[in-house]
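Participant: output the structure for:
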Amino acid sequence: MIRSLQKRNQDGNLYKRPPAVEATIKLAIQKDPDTLRRQPCVSNPSSPDFLPLECLVYVIRDASTAASWNGSWYPSWSGLRPESGAA
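Facilitator: Got it, this is the predicted structure:
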């Protein structure tokens, strides 16, 4: 289950993610960590493997706390570079 956003607007209502972002997060968290770790390196938004920034942030935060993933692959996110900018 995807955690809801915690920040509230001026009326006191929780912000909500756009439906497309929610759907992408749902798909992303079902993938195995190795596949998911390669996805942020795709920098072309038209690629089916592109992971929008909001989704990437969610996945990284989730990975740092997820007991099922044991957090063991979390440190490897630090070296990621977009494929177009990799040297």
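Participant: residue 37 versus the most far-flung residue of the chain relative to its centre, what's the distance?
Facilitator: Distance from the C-alpha centroid of the chain, by CA atoms, centre = their mean, peaks at residue 11 (27.7 Å). Using CB to CB, to the nearest Å, residue 11 is found at 38 Å from residue 37. (Each C-beta comes from the backbone N, C-alpha and C, glycine too.)
Participant: and for residue 29?
Facilitator: As defined by CB to CB, residue 29 lies at a distance of 13 Å from residue 37.
Participant: repeat for residue 47
Facilitator: For residue 47, the distance to residue 37 equals 16 Å [CB to CB].
Participant: go on, residue 22?
Facilitator: Using CB to CB, residue 22 is found at 22 Å from residue 37.
Participant: which of residue 47 and residue 37 has more neighbours?
Facilitator: Remark: of residue 47 and residue 37, residue 37 carries more neighbours, 17 against 11, as counted by other CB atoms under 10 Å.
Participant: so which strand or helix has that one?
Facilitator: In the assignment (DSSP states H and E), residue 37 maps to helix 33-38.
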